[in-house]
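S.K.: What follows is a protein structure lacking sequence information:
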């Protein structure tokens with residue numbers, strides 16, 4: 001069962017090639033407050049794993065990745 005999480009900022013990176021979606025996520029995470037959530041829409045298959053690794057290095061929380069029709073939603077909470 002998917003838990004519904006409301007993003008504070010949504011970034012539509014569909015069509016961007018790797019590492020574009022991750023670069024857009026990094027830019028967006030700087031624009032939200034600590035505790036807020038950024039959601040990235042992507043069609044790039046590597047974004048989920050790249051985002052997990054980046055969150056481990058940067059100290060942010062990887063909430064999850066959810067498959068939609070033709071794209072994936074990747075959610076991250078800013079932790080610092």
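M.R.: Nice, I can see it. On a predicted model such as this, the values are computed, not experimentally measured, just so you know. Residues are numbered from 1 along each chain as shown.
S.K.: Where does pLDDT dip in the chain?
M.R.: Applying pLDDT under 70 to the chain flags the ranges 1-3.
S.K.: report the longest helix in it, please.
M.R.: helix 47-58 (DSSP state H).
S.K.: list the contacts for residue 24?
M.R.: By Cβ atoms under 8 Å, 6 or more residues apart in numbering, the contact set of residue 24 is 11, 13, 16, 40. In this view, the C-beta of every residue, glycine as well, is placed from N, C-alpha and C.
S.K.: Report how many residues lie close to the third one.
M.R.: Residue 16 is flanked by 19 other residues according to other Cβ atoms under 10 Å.
S.K.: element containing it, please.
M.R.: Assigned by DSSP states H and E, residue 16 falls within no helix or strand.
S.K.: what's the answer for the last one, then?
M.R.: Residue 40 is part of strand 37-42 when elements are defined by DSSP H and E.
S.K.: May I ask which of the contacts of residue 24 has the most neighbours?
M.R.: The most crowded member of the contacts of residue 24 is residue 40, carrying 29 neighbours; neighbours defined as other Cβ under 10 Å.
S.K.: Just confirm it contacts residue 25, I think it does.
M.R.: Yes - at 4.9 Å, residue 40 and residue 25 qualify as touching, with contact defined as Cβ atoms under 8 Å.
S.K.: Find residues that contact each of the two.
M.R.: Common contacts of residue 40 and residue 25 (Cβ under 8 Å, 6+ apart): 11, 13, 51, 74, 76.
S.K.: For the first one, give the beta-bridge partners.
M.R.: If I follow you right, that is residue 11. Beta-bridge partners recorded for residue 11 (DSSP bridges): residue 40.
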